[in-house]
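J.: Using only what follows, build the 3D model:
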Amino acid sequence: LLTSLGWHNTLTHQNPSLTSALLAGGDTTLHILTPADPARTAAALTFALRKLDRCTVVVAGKHTTVHHPLETLDEELRHGIAIWPHLTHP
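T.: This next block holds a predicted model:
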């Protein structure tokens, strides 16, 4: 569990290619999660702490300005993607 405070913002702010470098390794046990709001960050952390057989990196901001609908959270967790009704057009 890395935080920008613990690493003095070196890896998270001065080297934004950290996730690209990790993904370039091709490790199938690696998950990179980029939650969009606090509820999704909590879900991502819960997922990360329960998956003991893989490495999970959660990239989240300290400040959030948008909250997305909670109705799609289960679908996002199951499938890794969901349609947010407030951002789509029929």
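
J.: Show the low-confidence segments of this structure, by residue range.
T.: Confidence mapping of the chain against pLDDT under 70 gives the ranges 1-16, 63-65.

J.: hmm, 80 instead?
T.: In the predicted model, the chain carries pLDDT under 80 at residues 1-19, 60-67, 90.

J.: Mind naming the longest helix for it?
T.: With DSSP state H applied, the helix covering the greatest number of residues in the chain is identified as helix 38-50.

J.: buried set for that one?
T.: Of all the residues in helix 38-50, those buried under the rule 16 or more other CB atoms under 10 Å are Arg40, Thr41, Ala43, Ala44, Leu45, Ala48. (C-beta placed from N, C-alpha, C; glycine too.)

J.: Mind putting those residues into TSV with distance to Leu23?
T.: As requested, the buried residues of helix 38-50 are arranged in TSV below (distance: CB to CB, whole Å):
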residue	distance to Leu23
Arg40	20
Thr41	20
Ala43	21
Ala44	17
Leu45	20
Ala48	16
